[in-house]
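Novice: give me a model of this one.
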Amino acid sequence: MADKPNVLFILSDQHNAKVLGHKGHPDVKTPSLDRLAAEGVRFDNAITQNPICTPSRVSWLSGQYCHNHGYYGLSGPKPRGLPTILGHFRRSGYRTGAVGKIHCPAYWVEDDCDWFHETCGASIGGRSKEYATYLAERGLTELEDHGALQEFGERGRQTIEGRPSKVSYEDSQEGWAVRQAMGFMEQCSGDGKPFFTHVSLPKPHQCYAPAQEFWDLYDQSALTLPPNADYDLEGKAPHMRRTARGWRERKWQLFEPKTFEAGRLRKLHGYLGNISHVDHAVGELLDWLKERGLERDTIVIYSSDHGDYACEHGIMEKAPGICADAITRIPMIWRWPERFNAGHTAEEIVETVDLVNTVCALAGIEPMETSDGKDISHLLAGGAGEVRRIGVTEFAWSKSVRKGKYRYVYYPREMFADEYPDGFGELYDLGADPWEMKNLYFEPGYADVVREMKDELTNWLVTTTRPATLLPSRQYVSPQAVTRYRNTVNFDGRIHPDRVGEIAGGNYT
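Specialist: Residues are numbered from 1 along each chain as shown. Predicted coordinates:
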């Protein structure tokens, strides 16, 4: 076994954590991810930091919470001084590469990689010239349909409709990205260099157009709608009710029959096909590692940036994302043969920020002081024990809090002032109501739980925030920090919350 393990971090876009074969979904076919779960450790209560692509990915790759890195929308300028896990491993002797739908702020990931290809055009500079050339040489530029169903013009952009793709799996972004990643890893291995490879697969995010063979896996007439697909949404957030009503009333369907019922089945068909499309890509990577004799030397992580409603609550896409466990909870599977407890299911709450310092610990690399994440390697070894009390998903003006069996959503009073002048919130007992159809926020018997969750959120915000200066100041020596006029800060210009806790006399976890 190599002295330094390789790392293969596979991130899909918009994968609902319930839609996996090993989770008991009645229809989806995910043999490769089921295999990965059987050979590795799965986290059934993994929480994303944000329900939107870019902020979630910044949290994944920096290990920072959104209220510290400040990204809540798409793309944006390069973060000032904020390191990435790719750059951290690169400075520790690894070769680092990223391919696929990276969708991060300008040049943030690019500058920390030895090798980089954006396939979607979601990062600065647009689509990789190599992939664009690949499509053009094959006459596929106008047929590649991740971003649009071209036959419908502007109406087909980011459609929720489903149909088989007009390009093959081999020519899709996923197929191309997987082959490119294999080439990069082959070169690293041949040169005797450990690698950290980030493969970001655009699906199952729309368009819901899987390659033909994955569309053909499903009989649309026999698909199973989720138990919460049709109910009155009583007690749900006003913007969620408006969104669900819009899907039923708007004329968004592109194919016949143009009814809501038929359209959502086509979307579900395409979504399940997209997941199988992604599953196949994961399987190719796993098989390649085994064939090259790299399986035992490589930590494989599979997860997603956030979830998808997948027809839950009558909603077709991911917005409004803060409202549902379908969006805030994500699949997360780790595998390292002979090192992790194969087949173990960890029920503890973990977060996307935990990737950074866990892989550092596993690789014997100094943890990133700019990361807010925890080392969860004891859970990978089959151990148990609470990592943190709560898991939080953030929007700028709302927060979802998971603690034990409860999920709580905080909204400022100003957000729904007309409908709820005395304030509105959400509380769900996921043990009794896993599909979140009963909001307990206004139930008198749950007032103490609401107060507890609100107190937990307040404490979390206070104790996890990174200030720029402190009084009294605290100076210390670290290769990941710099002292400027009495204040020692990390390279992002902020102070780790643990340093604040030391001054305050607390022991914050």
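Novice: can you give me how far stretch 154-165 is from the chain middle?
Specialist: Distance of stretch 154-165 from the chain centroid (CA atoms, centre = their mean, to the nearest Å) equals 23 Å.
Novice: low pLDDT regions in the protein?
Specialist: 1-2, 504-509 (pLDDT under 70).
Novice: give me the most central residue, it.
Specialist: residue 305 (1.6 Å; CA atoms, centre = their mean).
Novice: surely that residue and residue 60 touch.
Specialist: Yes: contact criterion CB atoms under 8 Å: residue 305 and residue 60 qualify, at 7.2 Å. The way it works is simple: take the backbone N, C-alpha and C, and place the C-beta from them, glycine included.
Novice: next, show the common contact partners of these two.
Specialist: Residues touching both residue 305 and residue 60 (CB atoms under 8 Å, 6 or more residues apart in numbering) are residue 11.
Novice: just checking, residue 299 is part of a strand?
Specialist: Yes: counting by DSSP: H, G, I helix; E, B strand; the rest coil, one finds residue 299 located in a strand.
Novice: burial count for it?
Specialist: 22 (other CB atoms under 10 Å).
Novice: i'd like the first residue to be 26 from this point on
Specialist: Shifting the count to begin at 26 puts that one at residue 324.
Novice: my read: it touches residue 362, true?
Specialist: No: between residue 324 and residue 362 there is no contact under CB under 8 Å: 9.8 Å.
Novice: hmm, back to that, now do the contacts for the residue nearest to the centre of the chain.
Specialist: Applying CB under 8 Å, 6+ apart, the residues contacting residue 330 are 36-39, 73, 78, 81-82, 85, 355.
Novice: for those residues, which one is nearest residue 444?
Specialist: Using CB to CB, residue 73 comes nearest to residue 444 of the contacts of residue 330, at 27.3 Å.
Novice: spit out the contact partners of that closest one.
Specialist: Residue 73 touches 81, 84, 329-332, 352-355, 376-377, 418, counting by CB under 8 Å, 6+ apart.
Novice: can you pull out the strands in the stretch 226-375 of the chain?
Specialist: Assigned by DSSP state E, counting those that start in this stretch, the strands in the stretch 226-375 of the chain fall at 323-329, 354-355, 357-360, 369-371, 375-376.
Novice: of all those strands, which lies closest to residue 257?
Specialist: Minimum separation from residue 257 across those (CB to CB) falls at strand 354-355, 23.9 Å.
Novice: what's next to the closest one, contact-wise?
Specialist: With contact meaning CB under 8 Å, 6+ apart, strand 354-355 is reached by 40, 42, 70-73, 328-332, 377, 427.
Novice: which of those residues sits closest to residue 94?
Specialist: Nearest to residue 94 among the contacts of strand 354-355: residue 377, at 12.2 Å, using CB to CB.
Novice: residue 52 versus that closest one, what's the distance?
Specialist: From residue 377 over to residue 52 the distance is 27 Å, taken as CB to CB, to the nearest Å.
Novice: the two - which one has more neighbours?
Specialist: Between residue 377 and residue 52, counting by other CB under 10 Å, residue 377 is the more crowded of the two (29 against 16).
Novice: show me the contacts for that one.
Specialist: 71-74, 81, 84-85, 328, 355.
Novice: show me the contacts for the closest residue to residue 183 other than its chain neighbours.
Specialist: Nearest non-adjacent residue to residue 183, counting by CB to CB, 6 or more residues apart in numbering: residue 231, 6.1 Å away. With contact set as CB under 8 Å, 6+ apart, residue 231 has these partners: 39, 183-185, 295, 342.
Novice: format the residues you listed as CSV; extra columns: neighbour count and distance to residue 479.
Specialist: As requested, these are exported to CSV (neighbours: other CB atoms under 10 Å; distance: CB to CB, whole Å):
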residue, neighbour count, distance to residue 479
39, 26, 29
183, 12, 36
184, 25, 39
185, 20, 35
295, 29, 39
342, 20, 29
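Novice: just to revisit the earlier point, out of the contacts of residue 377, which is nearest to residue 471?
Specialist: residue 72 (21.2 Å).
Novice: how close does residue 54 get to residue 82?
Specialist: Taking CB to CB as the measure, residue 54 falls 27 Å from residue 82.
Novice: what number of residues lie near residue 143?
Specialist: Per other CB under 10 Å, the neighbour tally for residue 143 reads 25.
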